[in-house]
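Engineer: just to be clear, the model below is a prediction. Sequence and coordinates:
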Amino acid sequence: MAYLPCVEIEPNETANRSIIWLHGLGADGNDFAPIVPHIQAPAGAHIRFVFPHAPQIPVTINGGMRMPAWYDILEMSIARKVDDTQLRASAAAIRELIQREQERGIAAEHIILAGFSQGGAVAYETALTHHEKLGGLMALSTYLATHESIELNPVNRELPILIQHGSQDPVVPEALGKHAYQWLTEQGYQADYQSFPMQHQVCTEQIDAINKWLSKHL
């Protein structure tokens, strides 16, 4: 099987946990690799980090320029008109990476999906529709692009979800992060929402909060 190319960082001991972390528009799998030394695994958890590269596709809002993207963004409206078909194709590709982690000995409930910005929209779609119980979802500075059409899988109804957003984000307004949180709450999910005084980025305080969340759920 042809998997998405990935940057992979192995733990010092045999991996028994995995975090699959999706980058944002125009970046690649190297974007979040530098965060690994700052992630503090709880005792007994040996994490393999998997940072997939999105394919190069034309992006409408950037004049049709080809760049790494999980799906095409058709309009930069507050609702973000996107290509749902491409988004779901990317979710299917991430699902294949989940299966590969299982084949490498990592149980589904020990696999966490994380996604930043556009990657977070794919992580939402993948985790909430997945047919096996996963370990958790981290949605960073992102939005739930497919909330009107997503087919939720009850297997992951109790999925631990961490939503983090910057209060000064000019790219993905915090209102979109809050909307995802509210929608998930209405559907019965138990999500944690955290806001930080930052723009479209990651900050030290946020990483500290991620470590606390991982210590509880990983």
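Structural biologist: Perfect, thanks for sending it. Numbering: from 1, shown residues only.
Engineer: contacts for stretch 151-164?
Structural biologist: The contact list for stretch 151-164 (C-beta atoms under 8 Å, 6 or more residues apart in numbering) reads 127-141, 177, 180-181, 184, 187-196, 206, 209-210, 213, 216-217. For glycine as for every other residue, the C-beta is placed from the backbone atoms N, C-alpha and C.
Engineer: can you give me the strands in this protein?
Structural biologist: Counting by DSSP state E, the chain has strands at residues 6-9, 17-22, 47-52, 56-59, 65-68, 73-75, 81-82, 111-116, 136-140, 161-166, 191-196.
Engineer: could these go into TSV alongside mean neighbour count, mean pLDDT and distance to A92?
Structural biologist: Shown next, in TSV, are the strands of the chain (neighbours: other C-beta atoms under 10 Å; pLDDT from 0 to 100; distance: least, C-beta to C-beta, whole Å):
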stretch	mean neighbour count	mean pLDDT	distance to A92
strand 6-9	16	98	16
strand 17-22	27	98	13
strand 47-52	24	98	13
strand 56-59	16	96	15
strand 65-68	14	96	18
strand 73-75	15	87	19
strand 81-82	18	88	16
strand 111-116	26	98	14
strand 136-140	26	98	17
strand 161-166	24	98	21
strand 191-196	17	98	24
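Engineer: turn those strands into CSV, columns for distance to N30.
Structural biologist: Converted to CSV, those look like this (distance: least, C-beta to C-beta, whole Å):
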stretch, distance to N30
strand 6-9, 6
strand 17-22, 11
strand 47-52, 7
strand 56-59, 15
strand 65-68, 11
strand 73-75, 22
strand 81-82, 24
strand 111-116, 13
strand 136-140, 17
strand 161-166, 21
strand 191-196, 23
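Engineer: out of those strands, which is closest to E101?
Structural biologist: Closest to E101 of those is strand 17-22 (C-beta to C-beta; 4.5 Å).
Engineer: Provide the strand pairings for that closest one, with the direction of each partner.
Structural biologist: Strands flanking strand 17-22 in the sheet, each with its direction: strand 47-52 (parallel), strand 111-116 (parallel) (DSSP bridges).
Engineer: looking at the ones you listed, which is nearest to T146?
Structural biologist: Short answer: strand 111-116, nearest of the strands paired with strand 17-22 by C-beta to C-beta, at 13.1 Å.
Engineer: quick one: closest of the strands paired with strand 17-22 to I35.
Structural biologist: Among the strands paired with strand 17-22, strand 47-52 comes nearest to I35, with 8.6 Å by C-beta to C-beta.
Engineer: mind exporting the C-alpha coordinates of that closest one to PDB?
Structural biologist: Extracted in PDB, the C-alpha atoms of strand 47-52 (Å, rounded to 0.1, in the frame of the first residue of the first chain):
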ATOM      1  CA  ILE A  47       5.400   7.800  21.700                       C
ATOM      2  CA  ARG A  48       6.100   7.400  18.000                       C
ATOM      3  CA  PHE A  49       5.300  10.800  16.300                       C
ATOM      4  CA  VAL A  50       4.100  10.600  12.700                       C
ATOM      5  CA  PHE A  51       4.000  13.800  10.700                       C
ATOM      6  CA  PRO A  52       2.500  13.200   7.300                       C
END
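Engineer: tell me the gap between it and the middle of its chain.
Structural biologist: Centre-to-centre, strand 47-52 and its host chain are 12 Å apart (C-alpha atoms, centre = their mean, to the nearest Å).
Engineer: now do stretch 39-49
Structural biologist: Offset of stretch 39-49 from its chain centre (C-alpha atoms, centre = their mean): 18 Å.
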